[in-house]
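> Got a predicted model here, sequence first, then my questions.
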Number of protein chains: 2
Amino acid sequence: MDGRTQLGGIDKERLWADLMTLGAIGGTAAGGSMRGALSSADREGRALFAHWAREAGLALRVDRIGNMFARREGRNPQAAPVVIGSHLDTQLPGGKFDGPLGVLAGLAVCRALDAAGTVTARPIEVVNWTNEEGARFQPGVMGSAVYTGALDLTQALSRTDPTGASVEGELARIGAAGTTPVPGAVPHSYFELHIEQGPELEEAGLDIAMVTRSSAMCSGYATIRGENGHTQTLAMSKRRNALTAAAKLVLAIDAIGASIEPHGMVSASVIENWPNNRVNIPHLSKLSWAIVGFDPAIREATVARIEAACAGIATETGLVIELDHRHYREPCLFDEALIGKGLEAAATRGYAATRMPTLTAHDALSFCALCPTALVFVPCEGGISHSEAEWCSPDQAAKGADILLDLVQEAAESE
Amino acid sequence: MDGRTQLGGIDKERLWADLMTLGAIGGTAAGGSMRGALSSADREGRALFAHWAREAGLALRVDRIGNMFARREGRNPQAAPVVIGSHLDTQLPGGKFDGPLGVLAGLAVCRALDAAGTVTARPIEVVNWTNEEGARFQPGVMGSAVYTGALDLTQALSRTDPTGASVEGELARIGAAGTTPVPGAVPHSYFELHIEQGPELEEAGLDIAMVTRSSAMCSGYATIRGENGHTQTLAMSKRRNALTAAAKLVLAIDAIGASIEPHGMVSASVIENWPNNRVNIPHLSKLSWAIVGFDPAIREATVARIEAACAGIATETGLVIELDHRHYREPCLFDEALIGKGLEAAATRGYAATRMPTLTAHDALSFCALCPTALVFVPCEGGISHSEAEWCSPDQAAKGADILLDLVQEAAESE
């Protein structure tokens, strides 16, 4: 990248004000945000994004899964756009940065180009993808997967939250469904800015990471079948209690996780229990577990250890334990040319940067195989995320947005 | 009881046919029934009860919490009625006997009196109490508690199920709300027939138990507070995972239960977990636990052991564990005169009978302190209840109904 073409940078104060203003929608007492996908708070967040987009002169369109596209026209309107995307939905509760930083930095990039009087050759589109978090509706990364065609629209619309409300019904209720068909066209290139969600940048005193690859993941359910009975009459020794077996498995999976660090992480963080009544011995418990790591071989070995733990607990308790609905996500590689450009841009600006893999999923993963894609990380305090305590300083946020600006500006001028 | 006044007995085949017919409403593939309180299946069960009541010439009225009263008029309509009650709602799923036996045996008693051409001095009312099980709406024993005034109507109507549906809304939806005011008048006496829900009658080869007293109970919640975080980035050693602490507590409570047998039982059979998402470290888990036993002193000692287990796990994990919403139910004594009459009636009919306490709650407990009350148990296979496998033979059911007939007939002729 030629340092002489670099713009002055984004408006740090405005980006910070936008982050704090949006974060107050669905804001929690502990400083986080609660904007589950397609909730009423998400509606308010979407309305604010639409307002800011119109204020910046961007043209808004919405597709059938509710993805919002704010378009800055290029000199060549027929050229494939450069896309900047992330998400405005949060965990339940989540923080002010996971998602919003990437979307609001996109608006900041457009404003910086306006301030410099720059009209790029290619259009630029800033996207709010629907339901990245998967906190309310499974699966996560829903909107971007429907956009690329990896997930069928009908299937996505039919998903329900724990109260039975569907994606289709909630899109209609909050007026978030648009008419633009899906899947959408492949962009020229895709860019996403995100907090790291881990502690490495902070610990190393660095400003920026260009993400090199994603993790090898395996998730699934463990279904434990016991037998009904009355908790106040059936002798403890005769019980076939699915919840006690599930408790053993939670602890076994946690111990496996501790033993494979730093090569990966294993968690069983979801439990469902039937009939979940004080006078009934649980006859069915279901755990959801997931392994992430960089080495597929360690992932396979860890799956085998979870299988062995299930078999051991099944033998010990006499209950049936099934490992089902196994889902694998293979690592993807980010574009080496863009990684190099990002590191170069950081050097020119005097920001300390590194290369880094990511353990977590992002909308950017949906585009890795389709077009040149870059994922930029900035540090977050203590590596904490998916938490009301999630924090990223104004400086850190702005430095990340500066690199996004540099990468997008160059891409939008390219062939 | 004077054996010469004893009627021939109830119609065993009809009682059995009624049990099987009702059990098919909400019937499950495994032979149980799924008629959660105020569900659509409960509406069908209520309609069938109303049909059978009208067929038997009984006058039906329904009160504001949906309790259904089928009245057989007496020679003295102003006299306080003799009440036979139990419930038609089931666990989720439950069996064909827990509840329905007591209600349908009440109809069988009325038909037996009809067959003998007997009109009793006092009216007899056969009652289906709303929501005894507490499986869908907490608390259980709801309808009879509202009837006696132990539970406020407004409070009961406001309770919601896990999907947010309220008792008031569901009463309206299925058309189960009546106009008779609550609380209702104290009956002359109260009778309930139920399966034992434990193995003792079957193991001893007995037909009948007259219940002497109920158990000392203590229930409550354990609320475990951890901290949010991302399951795919936060090091295992830094996690403050509420679910792993909950798992330890489930196992600790189960071990305490095993150690106090045969003096009582302790169960933690309900778990709720937040945000219960695959990418989030659980920051809040809640267990519901309960102790039942006959000796209040053992109950107190067991509560202390649960408190100690919570304190130990809190220290080990560094998390906060609160024991809250503690609720005590003190033992009640059943009417000794009625116990004696029940044993005498069994002897006259040649049925092997005994005295027995009950660990479980029943609608009869609502009346113990208000009027002479009797609870009659018959054996159930393997002591299994709250289960699709729940079973009581036609002979056992009919023998219990015969004793109910004898007790009710005498009470309905008394001053």
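Right, received. Where do you want to start?
> From B:E300, how far out is A:S86?
To B:E300, A:S86 is 56 Å away according to CB to CB, to the nearest Å. Where you see a C-beta, it was placed from the backbone N, CA and C, and this is true even at glycine.
> Which of the two has more residues huddled nearby?
Under the criterion of other CB atoms under 10 Å in any protein chain shown, the comparison of A:S86 against B:E300 puts A:S86 first, with 27 against 14.
> Please name the residues that touch A:A245.
By CB atoms under 8 Å, 6 or more residues apart in numbering or on different chains, the contact list for A:A245 reads A:224, A:226, A:285, A:313-314, A:317, A:319, A:321.
> Strands - which of those residues land there?
A:224, A:285, A:321 (DSSP state E).
> can you redo these as TSV with distance to chain B?
Output for the ones in strands among the contacts of A:A245, formatted as TSV (distance: CB to the nearest CB, whole Å):
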residue	distance to chain B
A:I224	13
A:S285	8
A:I321	15
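> By neighbours, which of those wins?
Busiest of the ones in strands among the contacts of A:A245 [other CB under 10 Å] is A:I224, holding 29 neighbours.
> if we can go back for a sec, can you redo the ones in strands among the contacts of A:A245 as a markdown table with pLDDT?
Converted to a markdown table, those look like this (pLDDT from 0 to 100):
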| residue | pLDDT |
| --- | --- |
| A:I224 | 98 |
| A:S285 | 98 |
| A:I321 | 98 |
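> Return the member of those nearest to B:R329.
A:S285 (27.2 Å; CB to CB).
> what separates A:T118 from A:A346, distance-wise?
To A:A346, A:T118 is 21 Å away according to CB to CB.
> Now tell me which helix or strand of chain A has the poorest mean pLDDT.
Within chain A, no helix or strand scores below strand A:320-329, which has a mean of 92 by mean pLDDT, DSSP states H and E.
> who does that strand touch, helix- and strand-wise?
strand A:216-225, helix A:296-317 (3 or more CB pairs under 8 Å, 6 or more residues apart in numbering or on different chains; DSSP states H and E).
> mean confidence score for the helix or strand encompassing A:L407?
If you go by DSSP states H and E, A:L407 is part of helix A:394-413. For helix A:394-413, mean pLDDT is 98.
> for that helix, which positions count as buried?
A:396-412 (16 or more other CB atoms under 10 Å in any protein chain shown).
> same for chain B: which of those residues are within range?
Among the buried residues of helix A:394-413, not one lies near chain B by CB under 8 Å from any CB of the partner chain.
> and the stretch 301-415 of chain A, which of its residues are near chain B?
Near chain B, when you scan the stretch 301-415 of chain A using CB under 8 Å from any CB, you find A:359-361, A:383-389.
> possible to save the residues you listed as a markdown table with neighbour count?
As requested, these are exported to a markdown table (neighbours: other CB atoms under 10 Å in any protein chain shown):
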| residue | neighbour count |
| --- | --- |
| A:L359 | 19 |
| A:T360 | 21 |
| A:A361 | 21 |
| A:G383 | 22 |
| A:I384 | 23 |
| A:S385 | 30 |
| A:H386 | 31 |
| A:S387 | 26 |
| A:E388 | 23 |
| A:A389 | 17 |
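> so which of these comes closest to B:P100?
Of all these, B:P100 sits closest to A:H386, with 47.6 Å by CB to CB.
> which one is the closest one nearest to, not counting chain neighbours?
B:H230 (4.3 Å; CB to CB, 6 or more residues apart in numbering or on different chains).
> what's the spacing between A:D402 and A:G9?
Distance from A:D402 to A:G9, by CB to CB: 5 Å.
> Overlap in contacts, those two.
A:R349.
> I'd assumed A:A50 was in a helix, is it?
Yes: under DSSP: H, G, I helix; E, B strand; the rest coil, A:A50 falls within a helix.
> any idea where the strands of chain A begin and end?
Going by DSSP E, chain A shows strands at A:59-62, A:68-72, A:82-86, A:124-128, A:189-195, A:208-211, A:216-225, A:264-274, A:284-293, A:320-329, A:353-356, A:373-378.
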